[in-house]
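S.K.: can't give you the sequence, but here's the structure:
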């Protein structure tokens, strides 16, 4: 079999593997345990890393050795197929969030390997490489992309479902922080405007388009903005506590959490994403001129998200092993949070509701 035929077959194997990842499958009734599966997955990534490195050396466009590419191509085909089989062994027992992360890594890698193979398949590119070296640059970029995905997975792949959930929430938390800082900036800007001499309010040019983003707030608008800031500060703190405490403890190797708890963890990322959307939508209503009815509508949506999160989180805190582990942290700190984590979260939810009621009262007063 020629190198070109092997390239085409391996390329086709990658395409088939990608299609298989998109087809829902029923996980085996007795899948391997998570540490074994994760180790197998990482091992396959390492083997694909080695095979693609050998392939790139063998098919270096400036001086290809086609006979040396046959074995690496066969290895890539075999290992990509094995990788998909390994992915299909992940399921509800291991956690949906972790499974989605595994599938994402596998898909990104196979797409990248397929692109590398396509570079070598393009006879015109190979010919150009011999005269200009441009295709050579392309193959190096493609090889580097494969290596980067694998290196990132080997060092950063979540160890369990709690860690995968924590990773998703950490990404969302950056958006929550940005929203809080945005509202803080509105208040700070208004304070600066209040202290500036008359006529010093700068026009940023948007007013010419009928979108004056720098119109000073009225006292009522500033009051609403401060109320929203207070509420978002609490919800952002709550979200941070979930990441740093509940999920950090849940990801501890000393815990043997129930399958019910693992499944419950998977409900946190959607709640977190909903909180980001609800927070952003609420912040967007604060730009002048404000419309109280819009703020009221987004406030209602925000509170609904908070209530859903509250229900899920308090259920998670009922897990005996998790509760015991969090309680054991009393030995390391005497803060009120660690003395009774569940009570802290209940109090925080109550404070968020109190802040929402205060905002709603202000909105009703100035209607």
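M.R.: Cool, the structure landed. As the structure is a computational prediction, the values presented were derived from the model and not from experiment.
S.K.: Now do the same for residue 145: helix, strand or coil?
M.R.: helix (DSSP: H, G, I helix; E, B strand; the rest coil).
S.K.: That one reaches residue 111, doesn't it?
M.R.: No: at 9.3 Å, residue 145 does not count as touching residue 111 under the criterion of Cβ atoms under 8 Å. For every residue, glycine as well, the C-beta is placed using N, CA and C.
S.K.: Next up, the contacts around residue 182.
M.R.: residue 283 (Cβ atoms under 8 Å, 6 or more residues apart in numbering).
S.K.: Let me know the helix or strand that it is in.
M.R.: Using DSSP states H and E, residue 182 sits within helix 161-195.
S.K.: if you skip the residues just before and after it, what's nearest to residue 56?
M.R.: Of all residues not flanking residue 56 in the chain, residue 143 sits nearest, at 4.4 Å (Cβ to Cβ, 6 or more residues apart in numbering).
S.K.: pretty sure residue 187 contacts residue 228?
M.R.: No: look at residue 187 against residue 228 with Cβ under 8 Å: they stay out of range, at 9.8 Å.
S.K.: check contacts around residue 149.
M.R.: Contact analysis of residue 149 by Cβ under 8 Å, 6+ apart lists 105, 108, 109, 112.
S.K.: secondary structure element for it?
M.R.: Judged by DSSP H and E, residue 149 forms part of helix 134-156.
S.K.: and that helix, which residues are buried?
M.R.: Across helix 134-156, burial judged by 16 or more other Cβ atoms under 10 Å covers 135, 136, 138, 139, 142, 143, 145, 146, 147, 149, 150, 153.
S.K.: Helix 161-195 and that helix, what's the angle between them?
M.R.: If you take axes from the mean of the first three to the mean of the last three Cα atoms, to 10 degrees, helix 134-156 sits at 100 degrees to helix 161-195.
S.K.: pLDDT wise, what is residue 214 at?
M.R.: Looking at residue 214, its pLDDT is 58.
S.K.: got it, and residue 229?
M.R.: 97.
S.K.: Packing partners of the one helix or strand it maps to?
M.R.: Residue 229 belongs to helix 219-241 when assigned by DSSP H and E. Here helix 219-241 is seen to pack against helix 161-195, helix 268-284, helix 292-316, helix 341-365 when contacts are counted using 3 or more Cβ pairs under 8 Å, 6 or more residues apart in numbering; DSSP states H and E.
S.K.: What is the distance between that helix and the centre of its chain?
M.R.: Averaging C-alpha positions (Cα atoms, centre = their mean, to the nearest Å) puts helix 219-241 24 Å from its chain's average.
S.K.: Could you give me the buried positions within that helix?
M.R.: By neighbour count on 16+ other Cβ under 10 Å, the buried set for helix 219-241 is 221-236, 238-239, 241.
S.K.: that older thread, in contact with the residue nearest to residue 56, which residues are there?
M.R.: 52, 53, 56, 116.
S.K.: ok, the last one touching residue 56?
M.R.: Yes: between residue 116 and residue 56 there is a contact at 7.4 Å, judged by Cβ under 8 Å.
S.K.: Would you check how far apart the residue lying closest to residue 67 once chain neighbours are set aside and residue 69 are?
M.R.: Among residues not flanking residue 67 along the chain, residue 3 sits closest, at 7.3 Å (Cβ to Cβ, 6+ apart). To residue 69, residue 3 is 5 Å away according to Cβ to Cβ, to the nearest Å.
S.K.: Please apply the same query to residue 98.
M.R.: Residue 98 is 35 Å from residue 69, where distance means Cβ to Cβ.
S.K.: Between the two, which is the more surrounded one?
M.R.: Higher neighbour count among residue 98 and residue 69: residue 98, with 26 against 23, using other Cβ atoms under 10 Å.
S.K.: Contacts only, for the more buried one.
M.R.: Contacts of residue 98 (Cβ under 8 Å, 6+ apart): 34, 90, 158, 160, 161, 163, 164.
S.K.: Can you say which helix or strand has it in it?
M.R.: According to DSSP H and E, residue 98 maps onto helix 96-121.
S.K.: So for that helix, mean pLDDT?
M.R.: 96.
S.K.: Return the set of buried residues in that helix.
M.R.: Going by neighbour count (16+ other Cβ under 10 Å), the buried part of helix 96-121 is 96-99, 101-103, 105-117, 119-120.
S.K.: Check stretch 275-286 too.
M.R.: Neighbour-count burial for stretch 275-286 flags 275, 276, 278, 279, 281, 282, 283, 285, 286 (criterion: 16+ other Cβ under 10 Å).
S.K.: any idea which of the residues you listed is closest to residue 345?
M.R.: Ranked by distance to residue 345 (Cβ to Cβ), these are led by residue 275 at 14.4 Å.
S.K.: The closest one is in contact with residue 176, isn't it?
M.R.: Yes: the criterion here is Cβ under 8 Å, and residue 275 meets it with residue 176 at 7.0 Å.
S.K.: Mind listing residues that contact the helix or strand that contains residue 43?
M.R.: Following DSSP H and E, one finds residue 43 within helix 34-58. With Cβ under 8 Å, 6+ apart as the test, helix 34-58 has contacts from 31-32, 64-66, 68-69, 71-73, 75-76, 79-80, 82-83, 86-87, 89-90, 94, 98, 102, 105, 109, 113, 116, 120, 139-140, 143, 146-147, 150, 153-154, 157, 159-160.
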